[in-house]
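> The following comprises the amino acid sequence and a computationally predicted model.
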Amino acid sequence: HLTTNRYISYVVGVQFAVPIGNRGPRAAWRQAELQEAQSIVGLYQLTDEIVREVNFAARTLEVRYAQIPSQLEAVRSADSQLRAYQARTQRIDPIYLENELNSVERLAGERNTLLSVIVEYNIARIGLEAAKGTLLEFNNIVVTDEPPCF
């Protein structure tokens, strides 16, 4: 049977390639979209942080400003109490001196507290301007690239 050529077989093969949807460029496009979305989220987070910082600085400024009148009134009250005590005295004795020194000490303490409140208010003003990013403008400072003219 082998010599009669009845068992002849043929094999045909074909190989072809089809690109599956341009995966490389689509992956690069998707990566660029994700990076853009990540940048936008980062920008929103930064904006929210700035808003929180400015709001906190503004609230601090309001609180410090509200403390000034009451502290000023405390100083005025201590001063008027000392003056009234000095005006109504008729003789100077150890009890009078002790009471006067206590009044002077109270007045000094109230003044010290008032100065602390005013300093904290000014620090809060600077903090607000720094949070807004306008601290240099607030202090009338101009930054230029040109050399100063004298």
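Arrived safely, thanks for sending. Residues are numbered from 1 along each chain as shown.

> Which of the helices or strands spans the residue sitting nearest the centre point of the chain?
With distances taken as CA atoms, centre = their mean, residue 53 lies nearest the centre of the chain, 2.9 Å away. Per DSSP states H and E, residue 53 falls inside helix 23-88.

> Next, work out how far apart the residue nearest to the centre of the chain and residue 71 are.
Per CB to CB, to the nearest Å, residue 53 is found 27 Å from residue 71. C-beta: built from backbone N, CA, C; applies to glycine.

> what sits against the residue nearest to the centre of the chain?
residue 131 (CB atoms under 8 Å, 6 or more residues apart in numbering).

> Quick one, grab the pLDDT at it.
Note on residue 53: pLDDT of 91.

> same question, residue 128
You'll see residue 128 listed with a pLDDT of 88.

> Ok, the one 3 residues further on next?
Reading off the confidence values, residue 131 has pLDDT 87.

> Residue ranges in this structure under the pLDDT threshold?
1-9, 18-19, 141, 143, 148-150 (pLDDT under 70).

> try 90
1-27, 82, 84-100, 126, 128-150 (pLDDT under 90).
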